[in-house]
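Peer 1: make a model of this:
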Amino acid sequence: MMSVNLVQLHGYKYSVYHRIARLVLLLKGVRHETIEVDPFGEVPDEYLDINPFGRVPTLTHGTFALFETNAITRYIDRAFEGLPLQPKSAAAVARMDQVIAVIDAYGYWPMVRQVSSHGFFRDLFGETSDPDEVSAGLKKSHRVLAFLDGVVEEGTILDGKALTLADCHLAPMLDYFVRADVGKDALCKHAALQDWWKSIASLDVFISTDPIPDHITPTAAPGDN
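Peer 2: Here you go, the predicted structure:
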């Protein structure tokens, strides 16, 4: 018999948004199950019953179902005890929300769907990549990286110590971005952000959620949903 308190995360293992939600669950110490849903394939009807848009991830907590990553991560932080992932001051919360919004609006597509997908993932899966997509994405990424570098220097959030939802949101995207050589080179030009990245990338919880095992050797370097 299924527990009414069972927490399940439905998502695609290569999705940065799925990884964001997993990081929050793990940092909060929430016991949960993961259920694989490939949004690029035929989405099961039972999944569409809880998310009519067929995107990932979706969280179910007993009979309660919730989709949209930002709603999921905030729900987890509020509903479960453990490490608080939202700052206390109004300014810090506002900066956290701003960083997440900037990443979603201006960072995800160029950094993940263009630079990472065409500079890493497509080669990994034997698909055709487009160098023009990498170049276009890289050009748009510079402004995002510069903004994030400034946030790290400010020290309100992204300090590499007190983790917030902004850290969880940024880390999976930057991870994919730097797996492309041009992404790694671009990050090197932003010292503060690079230092933040090194501190986050070494965390056990982050390493444990890596969807690409070390033994896989790509012919080049990332993509996502």
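
Peer 1: pull out the buried residues from stretch 38-50.
Peer 2: Residues of stretch 38-50 classed as buried: 39, 43, 47 (neighbour count, 16 or more other CB atoms under 10 Å). Using the backbone N, CA and C atoms, a C-beta is placed for each residue, glycine as well.

Peer 1: any idea which of the residues you listed is closest to F147?
Peer 2: The nearest member of the buried residues of stretch 38-50 to F147, counting by CB to CB, is P39 at 28.6 Å.

Peer 1: make sure the closest one is indeed in a helix.
Peer 2: No - with DSSP: H, G, I helix; E, B strand; the rest coil as the criterion, P39 is coil rather than part of a helix.

Peer 1: now the phi/psi pair for it, please.
Peer 2: The phi/psi pair for P39 (degrees, to the nearest 10) reads phi -70, psi -10.

Peer 1: lowest-confidence helix or strand of this protein?
Peer 2: helix 122-124 (a mean of 87; mean pLDDT, DSSP states H and E).

Peer 1: which strands or helices does the longest helix along the chain pack on?
Peer 2: Ranked by number of residues, the top helix in the chain under DSSP state H is helix 131-154. Here helix 131-154 touches helix 90-102, helix 181-187, helix 191-201, going by 3 or more CB pairs under 8 Å, 6 or more residues apart in numbering; DSSP states H and E.

Peer 1: contacting residues for E81?
Peer 2: E81 sits next to K28 when contact means CB atoms under 8 Å, 6 or more residues apart in numbering.

Peer 1: tell me the confidence at it?
Peer 2: On pLDDT, E81 comes in at 95.

Peer 1: what's the answer for the one 5 residues further on, then?
Peer 2: With respect to pLDDT, Q86 scores 97.

Peer 1: against K184, how distant is it?
Peer 2: 30 Å (CB to CB, to the nearest Å).

Peer 1: double-check that Q8 belongs to a strand.
Peer 2: Yes - judged by three-state DSSP, Q8 forms part of a strand.

Peer 1: residues in contact with the residue nearest to V152 when sequence neighbours are not counted?
Peer 2: Distances taken as CB to CB, 6 or more residues apart in numbering place A192 nearest to V152, at 4.1 Å, with adjacent residues excluded. Shown in contact with A192 (CB under 8 Å, 6+ apart): 149-150, 152-153.
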